[in-house]
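> this one's sequence-less:
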């Protein structure tokens with residue numbers, strides 16, 4: 001799965017960025033370099049979620065106000081670091097789960113792994129703080145124009161919205177949103193639709209290296225919904241709901 005390959009690349013982004021910024025003399029790039037060196041010293045393993053988040057955010061504060069692509073690449077990657085997705089054992093776990101989805105739709109299976117849960121009151125069920133953090137990370141990834149990182153962050157953003165509906169369970173959240181129309185369901189569908197549209201435009205349209213399964217789903221929803229974000233989200237939810245095995 002192409003998205004999984006991009007997730008692995010994401011974990012090496014910070015090391016690559018260090019090489020890039022080392023040659024620059026500008027003030028903003030100096031701040032980016034200081035941030036990179038700080039992040040290099042944050043342990044990948046052995047920290048609690050709170051400790052990891054605190055240390056990474058302390059590093060990111062060093063480039064406050066810097067809006068360059070390089071700075072936002074680091075912010076994009078750091079969101080996944082805070083969620084613990086830079087841990088090599090987590091990457092192995094993701095690969096194992098995607099190799100054996102037990103009949104589950106591959107996109108849904110990936111969503112179950114990429115839910116953001118580090119910011120709220122519970123590390124099991126995402127809440128409003130987690131949704132805000134997933135959206136912020138998506139925005140940073142989107143601003144870089146990087147198709148791979150945007151696709152990963154879009155899946156994480158959609159997953160966090162869906163998982164917040166039904167106690168952290170992606171499949172139950174999808175079913176709930178499909179079967180129980182409400183103001184919350186419409187708001188959730190709108191976020192999913194807007195996220196999916198941005199991901200499709202950058203990562204799928206006119207991109208021969210796109211992930212076929214996910215891009216096909218996104219494209220079908222967008223093409224059938226007349227540009228309405230809520231309709232796009234609802235179309236995707238219906239597709240995923242139909243593709244997953246009945247509990």
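Arrived safely, thanks for sending. The shown structure was predicted, so the numbers you read here are calculated from the model rather than taken from an experiment.

> all contacts plus neighbour counts: C-alpha atoms, from now on.
Fine.

> The chain: helices as residue ranges?
Secondary structure of the chain (DSSP state H): helices located at 2-11, 13-21, 27-40, 49-60, 69-82, 88-99, 106-114, 128-144, 147-163, 170-179, 183-199, 212-223, 229-243.

> could you dump the ones you listed to CSV with mean neighbour count?
Below are those laid out as CSV (neighbours: other CA atoms under 10 Å):
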stretch, mean neighbour count
helix 2-11, 17
helix 13-21, 16
helix 27-40, 20
helix 49-60, 17
helix 69-82, 22
helix 88-99, 14
helix 106-114, 22
helix 128-144, 21
helix 147-163, 27
helix 170-179, 21
helix 183-199, 21
helix 212-223, 18
helix 229-243, 21
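
> list the contacts for the residue most central in space within the chain?
The centroid of the chain falls nearest to residue 153 when counting by CA atoms, centre = their mean (2.4 Å). Residues near residue 153 by CA atoms under 8 Å, 6 or more residues apart in numbering: 134, 137, 138, 141.

> Now that we have the helices of the chain, can you turn them into a markdown table and tack on distance to residue 121 and mean pLDDT?
Formatted as a markdown table, those follow (distance: least, CA to CA, whole Å; pLDDT from 0 to 100):
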| stretch | distance to residue 121 | mean pLDDT |
| --- | --- | --- |
| helix 2-11 | 26 | 50 |
| helix 13-21 | 28 | 42 |
| helix 27-40 | 25 | 90 |
| helix 49-60 | 11 | 94 |
| helix 69-82 | 15 | 92 |
| helix 88-99 | 22 | 68 |
| helix 106-114 | 18 | 86 |
| helix 128-144 | 9 | 95 |
| helix 147-163 | 14 | 91 |
| helix 170-179 | 19 | 94 |
| helix 183-199 | 20 | 95 |
| helix 212-223 | 31 | 90 |
| helix 229-243 | 27 | 95 |
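
> what's residue 146 sitting at in phi/psi?
Per-residue torsions, residue 146: phi -80, psi 120 (degrees, to the nearest 10).

> Could you tell me how many residues sit around it?
Neighbour count for residue 146, taken as other CA atoms under 10 Å: 14.

> what's the spacing between it and residue 77?
Distance, residue 146 to residue 77, using CA to CA, to the nearest Å: 12 Å.

> ok, residue 151 touching residue 203?
Yes: here residue 151 reaches residue 203: they are 6.3 Å apart, a contact under CA atoms under 8 Å.

> Which of the helices of the chain sits closest to residue 122?
Residue 122 lies closest, by CA to CA, to one member of those: helix 128-144, at 9.6 Å.

> and the closest one with helix 106-114, angle?
120 degrees (axes from the mean of the first three to the mean of the last three CA atoms, to 10 degrees).

> now for helix 128-144, which elements pack on it?
helix 69-82, helix 147-163 (3 or more CA pairs under 8 Å, 6 or more residues apart in numbering; DSSP states H and E).
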